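Peer 1: Dropping a prediction and its sequence here:
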Amino acid sequence: MTNFLKTFVADESGASAAEYALILIVVGIAIVTGAGILADSIGGAMTRTGACIDAPSSTTC
């Protein structure tokens, strides 16, 4: 039993899995945040493009 506890305490393989999970969480949050920011920009560009197609003589085209 003592030998098992020594190897269990010395084992660091679980730590690297936790570190990878933390990195994935941070990258996931960055992707979601970036997608939210880009969604507004792309939506605005599409709206302006649609307005130019509807009224090509507009001054904003």
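Peer 2: Received, thanks. A quick note: this is a predicted structure, and the numbers were derived from the prediction, not measured.
Peer 1: What ranges does the chain have for its helices?
Peer 2: Applying DSSP state H to the chain gives helices spanning 2-10, 13-54.
Peer 1: least reliable of the ones you listed going by mean pLDDT?
Peer 2: Across these, helix 2-10 has the smallest mean pLDDT, namely a mean of 74.
Peer 1: Please work out the angle formed by the directions of it and helix 13-54.
Peer 2: Angle of helix 2-10 versus helix 13-54, following axes from the mean of the first three to the mean of the last three CA atoms, to 10 degrees, is 30 degrees.
Peer 1: Could you pull out the buried residues of helix 2-10?
Peer 2: Buried residues in helix 2-10, defined by neighbour count with 16 or more other CB atoms under 10 Å: none. Every residue, glycine included, has its C-beta placed from N, CA and C.
Peer 1: List the contacts of it.
Peer 2: The list of residues contacting helix 2-10 from outside it, by CB atoms under 8 Å, 6 or more residues apart in numbering, is empty.
Peer 1: what about residue 37, how many residues close to it?
Peer 2: 10 (other CB atoms under 10 Å).
Peer 1: okay, the helices of the chain in a markdown table with distance to residue 61 next?
Peer 2: Formatted as a markdown table, the helices of the chain follow (distance: least, CB to CB, whole Å):
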| stretch | distance to residue 61 |
| --- | --- |
| helix 2-10 | 69 |
| helix 13-54 | 4 |
